[in-house]
Structures are given as structure tokens and as C-alpha cells.
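Undergrad: What would the 3D arrangement of this be:
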Amino acid sequence: MTIAMLLAHLVGDYILQWDALALAKSRGFKGVLSHCIIVALVTMTFALPFSEPIWWQGILAISLAHFIIDAGQLWLKPPIPPLARFMLDQALHVLVIVVALVWDGYLNLFSWVGWVSAVFHDKTMLLYLLGYAFITMPAWVLIKFLAYGLVAGTAPNFPEGTNKYVGIIERLLITTFATLGQFFLIPLVALPRLVLDWPKFAGEERTAVYIVELLASIALAVAIGLALSQMP
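TA: I've put the predicted structure just below:
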């Protein structure tokens, strides 16, 4: 259940949060409510195979807390750097999930060694899904913050029209090749976008940002692939 709930968070908070929804969420409660309804449905879907009867109390707790955290940011607008705000937001969401799991007995923090061992031996498929889910939208967000923070010293402009889905497909392929040990195929995936996109960025201020994004994307995908290759 623990990995399933983390996977549900990645799917609901990233993969199923498209650009228009993210923009609506940043502007008003209607967008936040729509996003949190999706989160609730995804959480319920991922919980169904692991709970009998349905884990209503946990699903409601996670979904309501998600709404409070996201809606609260419309009111408070904490004066902290965007990356710190993003990390705090994610830490709060994960903390709520952990508390809900501990409260209902799905997670025992005092036997974490045995839990980790059980996860790696019995939940291999969920770990693969978790890795592949992370490499999609969550990785895109982290790469954007990293590139803009290191190069420009500013927060990224997410609705800038970059083809994020091409990058997601690239990372999925690179992760798969790294998992299988087929490293010679990685340049065949990474080079085409560099060749096709380079004329658009050559000579512009965003050139350095683009290069850092590309290198970080490849490095992260390879790292996830290598981690997955160690799964039993």
C-alpha cells in the first residue's frame, strides 16, 4: 500500500496535472478543486487492490489534506524561493500520506528495515512503476528548477511552450535502455532532439539553460535506470 500511495501521488499530482490545469490551480479555487478531485480518484484507484473494505478514511484524509495544502498557498503565498516552496509542498503531501498509512496500520515506522526488505523482495513491479512515474512529470519539474536556478538564478516559466512530452519519452527510453544495460542506444535517443532544437536556441540566452536541461534529463534517466537494474 505504501508504494501504491506514493505512486498515486506522482500520477495525480504530476502526470495528470496538465498545463492548463496547473495554470487554473495557480489562479483560483476552482482549479485547485478540479485538481484535488483528480487526486482523490487516483488515490482511490490505487488503493482498491490493497484494501478490503475500501480505505475511505485514508483516501479522504489524503485528498482533503491535498486540497488544504494547495488552497492554502493561494492565501498565504509564502515569501520563499520557488524551489523551496515546491519542496515544502511536496514534503507536506508525502508527510500526510505517511501519517495516514501509519494511522491505519499499513506502515510501521519502527520496523522500517523489515519493511524495506519486504518491498524490495515482494513489490518489484510497484518499484518499477514508481521509478517510471517519477521520470515523467516530476522529473520535468525538478529539471526545470535545476536548470533555471543554476543558470539564470530564477524560477522556471513552465507555460513557455517547450515540448515537455518529447523529453518525457526520451527519459522513458533512456531509463529502459539503462535498466537493460544497453548504454550504446542512449545517444541515439538523446541526439535527435539536440540536432533538431539547436537552431532554435543557438545564440539565445536560453542556450545554457537548454543544455543543462538536456544533460540533467539524461543523467537523471540513466540514474533511475541503473537503480532499477539492481532490483531483484
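Undergrad: What sits closest to the residue nearest to the spatial centre of the chain if chain neighbours are left out?
TA: Geometric centre of the chain, nearest residue: Pro138, 2.5 Å, by Cα atoms, centre = their mean. Leaving aside its sequence neighbours, Pro138 sits nearest to Tyr14 (Cβ to Cβ, 6 or more residues apart in numbering; 4.8 Å). Using the backbone N, CA and C atoms, a C-beta is placed for each residue, glycine as well.
Undergrad: Check whether that neighbour really touches Leu142, as I assumed.
TA: No. Counting by Cβ atoms under 8 Å, Tyr14 does not reach Leu142; the two are 10.3 Å apart.
Undergrad: Apart from its neighbours in sequence, what residue is nearest Ile174?
TA: Distance criterion Cβ to Cβ, 6+ apart; nearest residue to Ile174, sequence neighbours excluded, is Ala221 at 3.8 Å.
Undergrad: so what are the domain limits for this protein?
TA: 2-112, 138-229 (automatic domain parsing).
Undergrad: Let me have the ones you listed in JSON lines, extended by mean pLDDT and distance to Leu126.
TA: Shown next, in JSON lines, are the domains of the chain (pLDDT from 0 to 100; distance: least, Cβ to Cβ, whole Å):
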{"stretch": "domain 2-112", "mean pLDDT": "81", "distance to Leu126": "4"}
{"stretch": "domain 138-229", "mean pLDDT": "77", "distance to Leu126": "12"}
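Undergrad: Now Gly225: closest residue in space that isn't a chain neighbour?
TA: Ala178 is the one closest to Gly225 (Cβ to Cβ, 6+ apart), at 2.5 Å.
Undergrad: secondary structure element for that neighbour?
TA: Element membership for Ala178 (DSSP states H and E) is helix 164-180.
Undergrad: Name the residues that touch that helix?
TA: 131-132, 135-137, 139-140, 143, 183, 185-186, 189-190, 193, 213, 217-218, 220-222, 224-226, 228-229 (Cβ atoms under 8 Å, 6 or more residues apart in numbering).
Undergrad: do that again at 6 Å, thanks
TA: For helix 164-180, contacts defined as Cβ atoms under 6 Å, 6 or more residues apart in numbering pick out 135-136, 140, 185-186, 189, 217, 221-222, 224-226, 228-229.
Undergrad: what does stretch 3-18 give?
TA: 38-39, 42-43, 46, 50, 97, 123, 126, 129-130, 133-134, 136-138.
Undergrad: got a winner among the residues you listed for most neighbours?
TA: Of all the contacts of stretch 3-18, Thr43 has the most neighbours under the rule other Cβ atoms under 10 Å, reaching 26 neighbours.
Undergrad: That one contacts Ile59, correct?
TA: Yes. Applying Cβ atoms under 6 Å as the test, Thr43 and Ile59 come out as touching, 5.2 Å apart.
Undergrad: returning to that earlier point: in the contacts of stretch 3-18, find the pair that's most separated.
TA: The span of these, defined through Cβ to Cβ, is set by Ile38 and Lys123 at 24.7 Å.
Undergrad: Report how many residues lie close to Phe86.
TA: Neighbour number of Phe86 under other Cβ under 10 Å is 16.
Undergrad: Flag every buried residue along the helix or strand encompassing it.
TA: Taking DSSP H and E as the definition, Phe86 sits inside helix 82-103. Residues 83, 86, 89-90, 92-93, 96-98, 100-101 are the ones in helix 82-103 that count as buried (16 or more other Cβ atoms under 10 Å).
Undergrad: Just the closest of these to Gly31, please.
TA: Asp89 (15.1 Å).
Undergrad: how close does the closest one sit to His9?
TA: Per Cβ to Cβ, to the nearest Å, Asp89 is found 12 Å from His9.
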